[in-house]
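Enquirer: build me a model from this:
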Amino acid sequence: MGFLPDLIASVKKAALEEAEEVKARVEENADPAKNNLVSGEIDEKEPEAVNTHEEAELSSDNENINNRIEPTKAEAEAIERGLQTIKNDDLEEIRELGSGTYGAVHHGKWKGSDVAIKRIKASCFAGRPAERERLIADFWKEALILSSLHHPNVVSFYGIVRDGPDGSLATVTEFMVNGSLKQFLQKKDRTIDRRKRLIIAMDAAFGMEYLHGKNIVHFDLKCENLLVNMRDPQRPICKIGDLGLSKVKQHTLVSGGVRGTLPWMAPELLSGKNHMVTEKIDVYSFGIAMWELLTGEEPYANKHCASIIGGIVNNTLRPQIPTWCDPEWKSLMESCWSSDPSERPSFSEISRKLRNMAAPINVK
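Expert: Residues are numbered from 1 along each chain as shown. As a prediction, the model looks like this:
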């Protein structure tokens, strides 16, 4: 999609700036307590710290920004072309599911049906007037694209709320009962049996194959963004979530740092060189997500950002594969996180290999 080069440039810049900051601190023999601020470990308090940083970053141009997003031509065009709008009064918020630099996500009801409601902070659209206008226009264009996606393994996008509190925007999407795969792994003793693991990986690969067929790059593929329904013990369901709205992602990644995304970022995104970045960045991320699914752990949890960036770029750092990992899973993971994008398989190939792995145990 057209927004990918800008997004890549912004995230690369943020990652490299963070690496330089860490390097400078090390050279100055910074206090060890201060070094903890740039740890690669992600804890539950991270979003709050990021929010504070984000709000401190706002320029004087945005000091008076409230939540209200004024109507735009892009909004009118999106609605004219069929984007569904949902009245805030038709929504009932039940409980908060999580929050981050973008805002907060709630489990809610829309005319009796379970949905996920993502309230978007006005600061996601902060900037000088021209930039703010462009961010809002991109939001509506991408929302229209998301509303056109229909696949069993991609979270359904229902519509946009235009009349939220103080005129704020929100997205309404399908609700997945067990939340993210990351949450499930943390609750269920951090491992899933091989049969369920194959089903979940196949579902995710099918969803990504569909998205790449539509020329859509996810850019933030990881277990935190794979949503699951585990109610049927024989047939878990996995769907790709946190799709699109990439201009909002771009803005919050730059203001909030890339710590939560770094371990899944392909070397060509972090190298600082003019690589031809393709959809294969998602394949790299999928390889890391396969490792998460295998181990139930977080990649590089105890490493600092600088060492993660250096290791990924120099191809000296990949997650350690347990000795008990089956050879086919290991081989597929390693091909996905290859340093050379051209050596990584497509999601069509990944889907085929996972199907072959699942055939002997009668997984459909």
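Enquirer: where does the protein have low pLDDT?
Expert: 1-71, 188-191, 244-260, 273-276, 364 (pLDDT under 70).
Enquirer: what residue spans form the domains of it?
Expert: 45-174, 181-361 (automatic domain parsing).
Enquirer: I'd like the next helix or strand past the helix or strand where residue 311 lies.
Expert: Following DSSP states H and E, the helix or strand that holds residue 311 is helix 305-313. Going down the chain from helix 305-313, the next helix or strand is helix 327-336, by DSSP H and E.
Enquirer: and the helix or strand that that next one is followed by, what does it pack against?
Expert: The helix or strand immediately downstream of helix 327-336 is helix 347-358, counting by DSSP H and E. In terms of contacts (3 or more CB pairs under 8 Å, 6 or more residues apart in numbering; DSSP states H and E), helix 347-358 is packed against helix 194-213, helix 280-295, helix 327-336. Glycine gets a C-beta too; all of them are placed from N, C-alpha and C.
Enquirer: ranking these by burial, who's on top?
Expert: Comparing those by mean neighbour count (mean count of other CB atoms under 10 Å), helix 280-295 ranks first with a mean of 24.
Enquirer: in the stretch 51-200 of the chain, mark out all the strands, start to finish.
Expert: 85-86, 91-100, 103-110, 113-120, 157-161, 170-174 (DSSP state E, counting those that start in this stretch).
Enquirer: out of the ones you listed, which comes closest to residue 262?
Expert: strand 91-100 (15.2 Å; CB to CB).
Enquirer: can you give me the angle the closest one makes with strand 157-161?
Expert: Interaxial angle of strand 91-100 relative to strand 157-161 (axes from the mean of the first three to the mean of the last three CA atoms, to 10 degrees): 100 degrees.
Enquirer: elements contacting strand 91-100?
Expert: Against strand 91-100 (3+ CB pairs under 8 Å, 6+ apart) you get helix 46-57, strand 103-110, strand 113-120.
Enquirer: please redo it, this time with the cut-off set to 6 Å
Expert: Of the remaining helices and strands, those touching strand 91-100 by 3 or more CB pairs under 6 Å, 6 or more residues apart in numbering; DSSP states H and E are strand 103-110.
Enquirer: what comes into contact with the strand it packs on?
Expert: 91-98, 115-121, 175 (CB atoms under 6 Å, 6 or more residues apart in numbering).
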